[in-house]
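J.: Build me a model:
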Amino acid sequence: MTACTVLTLAGGWLVSATTGHIPAAGMARNFLGYLGLALLLRTFTSLHIAATSVTLFPIACAAFGVHHGTPARWAWPLHEPTPLPAFIAAVALGMAGLAAAALPVSAARPARPSEQ
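T.: Alright, predicted model coming up:
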């Protein structure tokens, strides 16, 4: 999963750098951020809550993440493809999600019926 994430992020930046198609970097950034959010929520909540939260996050960004025409720092999907703070937020969320998904089943991550 980590290799797939790194490949997607690197591919987006490579396409963006070589062809000038700047939205490719934003799409890769958003993929990583949404994947991280889903994995993080899936680790600490149920699958249904994680799926619903990831679905509602862009709506919350659009509703509450714009102040005077400028996206808030936490609303990384609303930023243009190139700003560094949005990239850092998405990468941090992605890495946290991947790290949480790699946790062994223990007290920090209780087993679900499908994992028993």
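
J.: The chain: strands as residue ranges?
T.: Defined through DSSP state E, the strands belonging to the chain, from first to last, are 66-67, 70-71.

J.: Below-threshold pLDDT in the protein: ranges please.
T.: Where the chain drops to pLDDT under 70, the residues are 1-2, 4-5, 21, 105-116.

J.: what residue lies at the spatial centre of it?
T.: In the chain, the C-alpha closest to the average C-alpha coordinate belongs to residue 33, at a distance of 1.3 Å (CA atoms, centre = their mean).

J.: How about it, nearest residue that isn't a chain neighbour?
T.: The shortest distance from residue 33 to any residue other than its chain neighbours is 3.4 Å, reached at residue 90 (CB to CB, 6 or more residues apart in numbering). C-beta coordinates here come from the backbone N, C-alpha and C atoms, glycine included.

J.: The one you found is in contact with residue 27, isn't it?
T.: No - assessed by CB atoms under 8 Å, residue 90 is found out of contact with residue 27, at 11.1 Å.

J.: Settle it for me: which of these two has more neighbours?
T.: Using other CB atoms under 10 Å, the more surrounded residue of residue 90 and residue 27 is residue 90, with 25 against 16.
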